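1. Can you look at this prediction? I've put the sequence above it.
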Amino acid sequence: MHRAFPGDPAALSAAAGSITTVADFRMADIAAGGLGAPLTSTFDHMLLRPIAGVQVFQNIGGLANATILSAHTSGPHSDYALDTGPGNCLIDTVCLCGVFVFTWR
């Protein structure tokens, strides 16, 4: 029987057995001097690299982050991604608490 363990890397690693499990990218990035979104800029760079100028992308997930891509730079530090604040996590919390009441008029 397989079970998912969202949010618990140790339990997931134990359940995965011999499969290598990695977690806590955000905290590891911040501890290494990054801005908290280590995978976002790589993903955005591969898919959305601008032909000219600078492009900024805003991702609103549980936590929101932005990626800044430039067509005129290269190298490991040419693109930046950073957390910009809470995203859907606030909406999720309000809905789960049952505080939010929506009324059509």
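-> That came through, no problem.

2. Check the offset of the host helix or strand of residue 15 from the chain's centre.
-> Secondary structure from DSSP states H and E places residue 15 in helix 9-16. How far helix 9-16 lies from its chain's middle: 21 Å, per C-alpha atoms, centre = their mean, to the nearest Å.

3. how far does the helix or strand following it sit from the chain's center?
-> Counting by DSSP H and E, the next helix or strand C-terminal to helix 9-16 is helix 25-31. Centroid separation for helix 25-31 versus its chain: 11 Å, with C-alpha atoms, centre = their mean.

4. what's the answer for stretch 13-28, then?
-> Centroid separation for stretch 13-28 versus its chain: 16 Å, with C-alpha atoms, centre = their mean.

5. distance between the ends of that stretch?
-> This stretch, stretch 13-28, spans 17 Å end to end (C-alpha to C-alpha, to the nearest Å).

6. Check which residues of the helix or strand containing residue 85 are buried.
-> Assigned by DSSP H and E, residue 85 falls within strand 80-86. Across strand 80-86, burial judged by 16 or more other C-beta atoms under 10 Å covers 80-81, 83-84. For the C-beta atoms, the positions are set from N, CA and C on the backbone; glycine is no exception.

7. now do stretch 24-31
-> Of the residues in stretch 24-31, 26, 29 count as buried by neighbour count, 16+ other C-beta under 10 Å.

8. Not counting its own residues, what contacts that stretch?
-> Here stretch 24-31 makes contact (C-beta atoms under 8 Å, 6 or more residues apart in numbering) with 9, 35-39, 63, 83.
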